[in-house]
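Visitor: structure for this input, please:
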Amino acid sequence: MKKIACFCIPAHGHTNPMIAVAAALVKRGNRVRFYSFREFEERITATGAEFVACDAFLPEVTDAQLARLKKVSTTEMSIQDIRSTLRMDSFLTADFAAFKPDVVFTDSVCFWGKLSAMKHHVPMVVSTSTFAFNSMSSTYMKHSFGEMLDLMGGMPRVGRELKTLQPYGYDVKNVMTLVQNDNRTDTVVYATREYQPYSETFSGHYAFVGPALRTDIVPAKQKDRPLVYISMGTVINDRPELYRNCISALKDRPLDVLISCGRTMDPSSLAPLPANVQVQPYVNQLVVLSKADVFISHCGMNSASESLYMATPMVLYPQTGEQQAVARRVKEMGAGVMLADDTAAGIRSAVETLLGDRQYTEAAARLSESFRDGSGAEGAAAFIEEAPHKTDDMGVLGEVQKRSGFMQLCFWLIVTPLLVLLGIQAGWPWAIGLSVIANIAFPKLNQRYTERAYRNLAKARRTKRQAVHPAA
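Guide: A predicted model of the protein is given here:
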């Protein structure tokens, strides 16, 4: 039996998979102490874990700060995480001394969990509620201009907040060391290797377990009419204009519509409703998705995973960079279409595309099968019990970067003399023009080369892994 301290931020998408893993840990005979928030208390205690309320340690926030948090501002979330860590410091120091955890299992953006593990020298396993991101997989994210401004403009503020941690024994120089994935930290990812972008760039410290769902529910699509389910998740879900467009798009179609609008919006504000449309603040999403034929989704990792687990193709409507990554991957896997036009006409067209082409349903069904074959919460629990892990497998990222760098060197060793020769023979304006063309062409050329290098190296790594672990 091991003593395991679990930490998470007050967010459903981050907490839900960790609760499933906590239940598996308890079932396997471990003692689990879960530091969380009152809204999750009932579900956490139902797993058999010890619940520790952290609500009192959250800093007071202004209306402006709350608005930024609701818009998923990385800067604001980082600042509030740092302040929460300071408020919890004396309590967690005393609690760690009494509980003496063998392992810390913490959400990837829960600073007080990560920092407590570092400060008290306890082995740490990180729970990644999105895809794992490194220099290759992060290319799947497409940040908005506002998100980029938030990141660039907020770094000095976050840096100043980080300095307040140092007197308390938290030696952190850069916030990126707290939020980024690296190949040295034991990490649980709730995606299969097939689903995770560039999965072979990650080291043996990663466990790709697939969705950590605790359910016996299976897809049950047989019914008289198609069902379209619509939800924007639990954070950025106050979207009356989108819901009205969905209603307008689908009200006259031979199908049923169910909208989950969240608790911050009054369902009656969308009245009067057509006979084929229902609006509810909250639903049992797994049950609904098991019956749904189309899911119009914001593409949160949990929602997308649940949709694919229930073999439901998606209309993809991401709102943040991480959701963009999920949407791109679902589209690549053939299980969804992007909603480029969120007018009634665009929504109707996207829904009809999914309902009219079986390839989307078949792709979702294939992913459902692979998700159900994943080790899930049980696999995550086994991985946590064995922490800290030792491995010589550092993935192929380093080799890919090495080859890409060599290709870049060769390219410019060839092009630079040609530019000089052209400048001497034909004039420097011609050389400058060719230089501009070369700088435009090289990134695309290098990307193609890098992709080919990755495919070759990944294939070799998979072959090696299969030889050592035939069932993997």
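Visitor: if we ignore the residues flanking it in sequence, what's nearest L58?
Guide: Nearest non-adjacent residue to L58, counting by CB to CB, 6 or more residues apart in numbering: S84, 5.8 Å away. For the C-beta atoms, the positions are set from N, CA and C on the backbone; glycine is no exception.
Visitor: the one you found belongs to a helix?
Guide: Yes: judged by DSSP: H, G, I helix; E, B strand; the rest coil, S84 forms part of a helix.
Visitor: quick one, what contacts it?
Guide: Residues in contact with S84 (CB atoms under 8 Å, 6 or more residues apart in numbering) are C54, F57, L58, P59, F111, W112.
Visitor: what does the model give A271 for pLDDT?
Guide: As predicted, A271 sits at a pLDDT of 87.
Visitor: where do the strands sit along the stretch 151-300 of the chain?
Guide: 186-189, 206-208, 227-231, 256-260, 277-280, 294-297 (DSSP state E, counting those that start in this stretch).
Visitor: name every strand pairing with the fourth one and say which way it goes.
Guide: On the basis of DSSP bridges, the sheet neighbours of strand 256-260 come out as strand 227-231 (parallel), strand 277-280 (parallel).
Visitor: please identify the most buried of the ones you listed.
Guide: Most buried of the strands paired with strand 256-260 by mean neighbour count (mean count of other CB atoms under 10 Å) is strand 227-231; its value is a mean of 24.
Visitor: next, count neighbours for P10.
Guide: By the measure other CB atoms under 10 Å, the count of residues near P10 is 16.
Visitor: do the same with the one 3 residues further on
Guide: The criterion is other CB under 10 Å. On that basis, G13 has 18 neighbouring residues.
Visitor: ok, and the closest non-adjacent residue to it?
Guide: N302 (4.8 Å).
Visitor: quick revisit: and of the strands of the stretch 151-300 of the chain, who's closest to A94?
Guide: A94 lies closest to strand 186-189 among those, at 25.9 Å (CB to CB).
Visitor: what does the closest one rub up against?
Guide: Contacts for strand 186-189 (CB under 8 Å, 6+ apart): 21, 105, 108, 123-128, 131-132, 181, 196, 202, 205-209, 380, 383-384, 387-389.
Visitor: tell me, what residue is most central in the protein?
Guide: T130 (1.5 Å; CA atoms, centre = their mean).
Visitor: switch the strands of the stretch 151-300 of the chain over to a markdown table; also include distance to L92.
Guide: Listed next are the strands of the stretch 151-300 of the chain as a markdown table, based on distance: least, CB to CB, whole Å:
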| stretch | distance to L92 |
| --- | --- |
| strand 186-189 | 20 |
| strand 206-208 | 26 |
| strand 227-231 | 35 |
| strand 256-260 | 36 |
| strand 277-280 | 39 |
| strand 294-297 | 36 |
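Visitor: rewinding a little: let me know the closest of the contacts of S84 to Y243.
Guide: L58 (30.4 Å).
Visitor: give the contact list for the residue nearest to G13.
Guide: Taking CB under 8 Å, 6+ apart, we find N302 in contact with H12, G13, N16, P17, S129, Y190.
Visitor: surely it is within a helix?
Guide: Yes: according to three-state DSSP, N302 belongs to a helix.
Visitor: show me what contacts the residue nearest to the centre of the chain?
Guide: Each residue near T130 by CB under 8 Å, 6+ apart is listed here: S108, M301, E322, A325, V326.
Visitor: now the second one, nearest residue through space, not along the chain?
Guide: Nearest non-adjacent residue to M301, counting by CB to CB, 6+ apart: T130, 4.8 Å away.
Visitor: cool, and the fourth one?
Guide: Distances taken as CB to CB, 6+ apart put Y140 closest to A325, at 3.7 Å, once the chain neighbours are dropped.
Visitor: now that neighbour: how far from A191?
Guide: To A191, Y140 is 12 Å away according to CB to CB, to the nearest Å.
Visitor: joint contacts of these two?
Guide: Common contact partners of Y140 and A191 (CB under 8 Å, 6+ apart): F131.
Visitor: who's more crowded, these two?
Guide: A side-by-side neighbour count of Y140 and A191, using other CB under 10 Å, places A191 first with 24 against 19.
Visitor: thought the more buried one was touching F131?
Guide: Yes: using CB atoms under 8 Å, A191 is in contact with F131, at 6.0 Å.
Visitor: just the pLDDT for Y140.
Guide: pLDDT at Y140 comes out at 89.
Visitor: mind starting the numbering at 48 from now?
Guide: Yes, from this point I'll number from 48; that puts the last item at Y187.
Visitor: turn the strands of the stretch 198-347 of the chain into TSV, including distance to F81 and mean pLDDT.
Guide: Listed next are the strands of the stretch 198-347 of the chain as TSV, based on distance: least, CB to CB, whole Å; pLDDT from 0 to 100:
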stretch	distance to F81	mean pLDDT
strand 233-236	15	97
strand 253-255	20	97
strand 274-278	26	97
strand 303-307	26	96
strand 324-327	29	94
strand 341-344	28	97
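Visitor: so which of those strands comes closest to T510?
Guide: strand 253-255 (17.4 Å).
Visitor: burial check on the residue nearest to G201 when sequence neighbours are not counted, number of neighbours?
Guide: Distance criterion CB to CB, 6+ apart; nearest residue to G201, sequence neighbours excluded, is T122 at 2.6 Å. Neighbour count for T122, taken as other CB under 10 Å: 21.
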